[in-house]
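> Provide a 3D model corresponding to the input given below.
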Amino acid sequence: MAVDTATLFFTGVLEWTADAACSGQTTLFFAPPGERPEARAVRESQARTVCRACPALIECRDWARENREYGFWGGESEEERAAAGYRVDMPVGRVARYPRGNGEPVAPRDGRRTA
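Purely as a prediction, here's the structure:
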């Protein structure tokens with residue numbers, strides 16, 4: 001008997017997703033390429049509203065923290081997870097503030113180019 005990959009995910013550790021309020025709203029929880037900060041704030045505010053009413057909020061947040069997920073999960077953005085001590089490997093759009101390594105902010109460039 002063949003096992004469907006989705007069945008493995010949704011009957012195991014991700015069974016909480018069956019109760020998730022965000023089902024089918026992927027664009028609300030993951031930034032499109034080139035998203036402007038103002039649009040991101042609006043999108044994340046809408047996502048946060050969905051998360052507040054979700055019965056799977058805690059499980060979703062914990063999953064994202066433990067698995068270093070990208071996007072908006074469990075009522076938290078990548079930056080909020082980073083502030084709580086759960087960083088993704090390379091935050092989308094935030095490479096300069098959260099570089100690989102020890103997590104210290106990068107010193108600003110002086111604006112000069114070298115040849």
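> Quick check: next helix or strand after the lengthiest helix in the chain?
The single longest helix within the chain, with elements called by DSSP state H, is helix 37-52. Once the chain leaves helix 37-52, the next helix or strand it forms, by DSSP states H and E, is helix 57-67.
> thinking again about what came up before, I'd like the average pLDDT over the longest helix of the chain.
Averaged over helix 37-52, pLDDT sits at 94.
> got the angle for that helix vs helix 57-67?
120 degrees (axes from the mean of the first three to the mean of the last three CA atoms, to 10 degrees).
> Thought residue 24 was touching residue 50, still the case?
No: Residue 50 lies out of contact with residue 24 (CB atoms under 8 Å); the separation is 10.9 Å. The way it works is simple: take the backbone N, C-alpha and C, and place the C-beta from them, glycine included.
> Now residue 53: closest residue in space, sequence neighbours ignored.
Spatially, and ignoring its direct neighbours in sequence, residue 53 is nearest to residue 21 (5.7 Å; CB to CB, 6 or more residues apart in numbering).
> Equivalent analysis for residue 66, please.
residue 86 (7.7 Å).
> In a helix, the one you found, correct?
No: with DSSP: H, G, I helix; E, B strand; the rest coil as the criterion, residue 86 is assigned coil and is not in a helix.
> on that earlier part again, that's a strand at the residue nearest to residue 53, yeah?
No: checked against three-state DSSP, residue 21 lies outside a strand; its state is coil.
> what about residue 76, how many neighbours?
24 (other CB atoms under 10 Å).
> can you pull the contacts of it?
By CB atoms under 8 Å, 6 or more residues apart in numbering, the contact list for residue 76 reads 61, 64, 65, 84.
> Find the nearest non-adjacent residue to the third one, please.
With CB to CB, 6+ apart as the criterion, residue 65 has its nearest non-adjacent residue at 3.9 Å, and that residue is residue 86.
> returning to what we had before: contacting residues for the residue nearest to residue 53?
50, 51, 53, 54, 55, 56.
> Test my guess that the second one contacts residue 58.
Looking back up the chat, that one is residue 51. No: at 10.5 Å, residue 51 does not count as touching residue 58 under the criterion of CB under 8 Å.
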